[in-house]
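Enquirer: I'll drop the sequence and a predicted model, then ask my questions.
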Amino acid sequence: MDLHLKNLFGRFQEQFGSGPGLGPGSSTCLMKVEGVSPNFIKSIYKGSAALYRTEPWKRLRPWHLFGIRVGKDSDWSGKKQPFPCVQFIGGDGGDVGFYMFRSESDAKKMTGPRETIRVPNVELLRVSYEPERLMFPSNKRMIKSLSLEASGTDRFPVIDVARCMSSGELRFRNPTLEELRFVHAFMRAISLVHPLLQEDKDGAPKWSRMMYFETFIETVDVQWPPEMAKGHDLVAVTVSHPPGQAYEEKASSTASSTPTKYAEPPREEVFVDVRVNSNGVLRQCTLCEKEVHGDQSQCCAQCRAVVYCSSLCQKQHWKETHKSMCGLYKAMMEREEELAMKIFLFPCSADQPCKWLESLGIHQKGMWRRKCGCYAHCPLGLLPVKGGLWDSWGGLDDEEYPRDSPFHNHVRDGISSPILLSGWSEYYNLRSLPLSSPVADILSHPFTVYYILTALNISSKNLLLKGKEVILHYLGPEGELDWMPAFAEIGHLLNGSGNIHIVMVGPEVPTNLSGTTSGISSRVRVNLVRGNYQDEATYLPSPHIIVALNCGLESYSAWGGALELIKSRGVPAFFTEQSEILCANAKQVLRGAGLHITHPVTPNPFRSPIKTHCLSNNLPSYSNGFVLGVNT
């Protein structure tokens, strides 16, 4: 290339190659980092992909600075956090990624109105998502040899540390192993908390087009990869916006203990007598478990989540436990509108399921008989069946339930592949179902299984894409035993690719059904086995994945043997719970059993749209509402 063309091309690439970024980097190959292991590189790429899926660039811009604190200062060399300030770049165009700075001052110096400004003697760690076709050969070889997870369709993170010299040019170096640990913890934490940012419309100047967020600080536990644990498998990561929000560190804390947010003394209005509007239904005091009519009960005035019989119980509960949990409960209550599925037009009330089913004309009909207690006398899996899909769906109008037919127009380049759904609205559109159809309530179970297989677990997704069979162990089935026609819809979603063998194991399987096989579709078959999983597992085909929906892990005694077996096998396993609180309890149980939580708690896009309430709280709760995974 002629010299003048080479210079011209270099200037063009520097100005336009990375949008708001600093231009092309060194494209560091992580295999060259001293002391790094292939498993840790895989963990970094998994964390990167998880962050990419949450799409922070839709809302975040470089001027939205975040403070980041991983564990204690004493955990890091120099007794200080390596990169305590972070910004996201690329939301307005160009390559997307994030920059980590040594200080908030450095971040502000380098943040221009449109482009990142080069400032001499400022060092920053850069993570940018590059298409595979543009990556250096060394990175491509690493990705192929380690089968690293892609972010999106074909992008992968490139990590390097850049320093602008006094001459204005950039110098690069490889990140250290310690810096990679810090990046890994940040990616895992920010993917969980950045969706919680609330827009502050009142705080923004009227003339400004910039989005402002309310002051925010949140601490989450992040799982270290086993080879990085250093004696502690968890680390507390605190994310704040803007940086510099106050929190205090307990002097007696361990390396994995949680830094606490700055806590103001409880205000007197916490104990204001706030009545619960529950239409006179019975509620249960959180502390003493005394039953009281809803219109006579009261709740915490800050979070409005927990129910009490009197101000005496409320004050005592505040001192004992609620003071530390009130902020989390408040955040969950504020997410109630977000978690509610506004696409559905029918009233969501499970407090009185018979009335709800009657309003739809499906009470005591078809599969809906398992949605209330009217058929509790009939053993699970043995509801009388008249026959026909119309009857199974309780006589809904023809256009209100999915027909036993394939999806059309889902073949690309002459090749069929599983249909990957993002949520209920997409499915309803594909099946041309009206939003008044309640079928999502029953389909939540099979669709949660399908979502786990195709969106959360890479190995099972790859098997299906290759047209192979996935064996799934389904623990603790109950109502699902009577919902086989709903599970047949999974076969249509597979769209001619792969097969699924579901083995349902649990003590609720009737004796006369144990050992039977149901070919509910050409691509989905179900085996039923009665007994506890740990007792029956040796007689079952080896699974690719294990699933337990609405599993109630808080009753640990019933799960001890099963969790021990899952740990020893190392098979990917996913659990769902109705609420974030139940998931928090489940995490403790799983950790107590020695299992590593590798897929953090996330809302399930195929949770049931029917909201339920615990007698002692008002927290939003949905069947299959949240999912977490181990060994993934």
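Expert: Yep, it's here.

Enquirer: Tell me where the stretch 401-550 of the chain has helices.
Expert: 424-430, 440-451, 458-465, 484-493, 533-536 (DSSP state H, counting those that start in this stretch).

Enquirer: for the stretch 201-350 of the chain, same thing?
Expert: Residue ranges of the helices in the stretch 201-350 of the chain, as given by DSSP H, counting those that start in this stretch, are 311-317, 323-334, 336-339.

Enquirer: How about the stretch 51-200 of the chain?
Expert: 104-110, 137-146, 177-193.

Enquirer: Mean neighbour count, those helices: which tops it?
Expert: For these, the largest average neighbour count (mean count of other C-beta atoms under 10 Å) is found in helix 177-193, namely a mean of 22. Using the backbone N, CA and C atoms, a C-beta is placed for each residue, glycine as well.

Enquirer: could I get the helices of the stretch 51-200 of the chain as JSON lines with mean pLDDT and distance to Ser240?
Expert: Formatted as JSON lines, the helices of the stretch 51-200 of the chain follow (pLDDT from 0 to 100; distance: least, C-beta to C-beta, whole Å):
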{"stretch": "helix 104-110", "mean pLDDT": "91", "distance to Ser240": "11"}
{"stretch": "helix 137-146", "mean pLDDT": "90", "distance to Ser240": "33"}
{"stretch": "helix 177-193", "mean pLDDT": "92", "distance to Ser240": "10"}
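
Enquirer: closest to Pro543 out of the ones you listed?
Expert: Smallest distance to Pro543 across these (C-beta to C-beta): 24.5 Å, for helix 137-146.

Enquirer: So what does Asp404 have for phi and psi?
Expert: phi -80, psi 70 (degrees, to the nearest 10).

Enquirer: Pull up the gap between it and Gly491, please.
Expert: Look at Asp404 and Gly491: by C-beta to C-beta, to the nearest Å, they are 9 Å apart.

Enquirer: Compare these two and say which is more crowded by neighbours.
Expert: More neighbours surround Gly491 than the other of Asp404 and Gly491, with 21 against 12 (other C-beta atoms under 10 Å).

Enquirer: How about the contacts made by the more buried one?
Expert: Applying C-beta atoms under 8 Å, 6 or more residues apart in numbering, we find Gly491 in contact with 500, 520-524.

Enquirer: As a markdown table, the helices of the stretch 51-200 of the chain with distance to Ala236 would be great.
Expert: Compiled in a markdown table, the helices of the stretch 51-200 of the chain are given as follows (distance: least, C-beta to C-beta, whole Å):
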| stretch | distance to Ala236 |
| --- | --- |
| helix 104-110 | 21 |
| helix 137-146 | 29 |
| helix 177-193 | 9 |
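
Enquirer: so which of the ones you listed comes closest to Glu199?
Expert: When those are compared by C-beta to C-beta, helix 177-193 sits nearest Glu199, at 15.3 Å.

Enquirer: Report all helices and strands that that closest one contacts.
Expert: helix 38-53, strand 66-70, strand 97-101, strand 123-131, strand 155-164, strand 216-223, strand 234-241, strand 597-603 (3 or more C-beta pairs under 8 Å, 6 or more residues apart in numbering; DSSP states H and E).

Enquirer: Glu336: which of the ones you listed is closest?
Expert: Across these, the minimum distance to Glu336, taken as C-beta to C-beta, is reached by strand 597-603, at 12.2 Å.

Enquirer: So what's the model's average confidence on the closest one?
Expert: Mean pLDDT, strand 597-603: 85.

Enquirer: so how far is the next helix or strand after it from its chain's centroid?
Expert: Counting by DSSP states H and E, the next helix or strand C-terminal to strand 597-603 is strand 611-612. Counting by C-alpha atoms, centre = their mean, to the nearest Å, strand 611-612 is centred 20 Å from the centre of its parent chain.

Enquirer: Name every strand pairing with the very next helix or strand once past strand 611-612 and say which way it goes.
Expert: Next helix or strand after strand 611-612 toward the C-terminus (DSSP H and E): strand 621-622. Under the criterion DSSP bridges, strand 621-622 sits next to strand 611-612 (antiparallel) in its sheet.

Enquirer: thinking Asp160 is in contact with Arg171, fair?
Expert: No. Taking contacts as C-beta atoms under 8 Å, Asp160 lies outside contact range of Arg171: 10.3 Å.

Enquirer: So for the two, which residue has more residues nearby?
Expert: The neighbour comparison of Asp160 against Arg171 (other C-beta under 10 Å) goes to Asp160, with 19 against 12.

Enquirer: Restricted to buried residues, select the contacts of Gly491 in PyMOL.
Expert: Buried members of these, identified by 16 or more other C-beta atoms under 10 Å, are gathered into one PyMOL selection as follows:
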select buried, resi 500+520+521+523+524
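
Enquirer: got a markdown table for the contacts of Gly491, with distance to Met187 too?
Expert: As requested, the contacts of Gly491 are exported to a markdown table (distance: C-beta to C-beta, whole Å):
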| residue | distance to Met187 |
| --- | --- |
| Ile500 | 31 |
| Ile520 | 40 |
| Ser521 | 39 |
| Ser522 | 41 |
| Arg523 | 36 |
| Val524 | 35 |
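
Enquirer: Now for the contacts of Gly491: which two are most distant?
Expert: Distances among the contacts of Gly491 were taken as C-beta to C-beta; the most separated pair is Ile500 and Ser522, at 11.1 Å.

Enquirer: residues in contact with Ser608?
Expert: Contacts here follow C-beta under 8 Å, 6+ apart; on that basis Ser608 touches 440-441, 444, 622-625.

Enquirer: buried residues in stretch 159-168?
Expert: Using 16+ other C-beta under 10 Å as the test for burial, stretch 159-168 gives 159-162, 164.

Enquirer: Would you mind confirming that Glu214 makes contact with Gln198?
Expert: Yes. Glu214 is within contact range of Gln198, at 4.7 Å (criterion: C-beta under 8 Å).

Enquirer: Arg403: how many residues sit nearby?
Expert: Arg403 has 13 nearby residues by other C-beta under 10 Å.

Enquirer: need the contact list for Tyr99.
Expert: By C-beta under 8 Å, 6+ apart, the contact set of Tyr99 is 62, 86-87, 89, 107, 110, 116, 124-127.

Enquirer: now Cys29
Expert: Shown in contact with Cys29 (C-beta under 8 Å, 6+ apart): 136, 138-139, 142.
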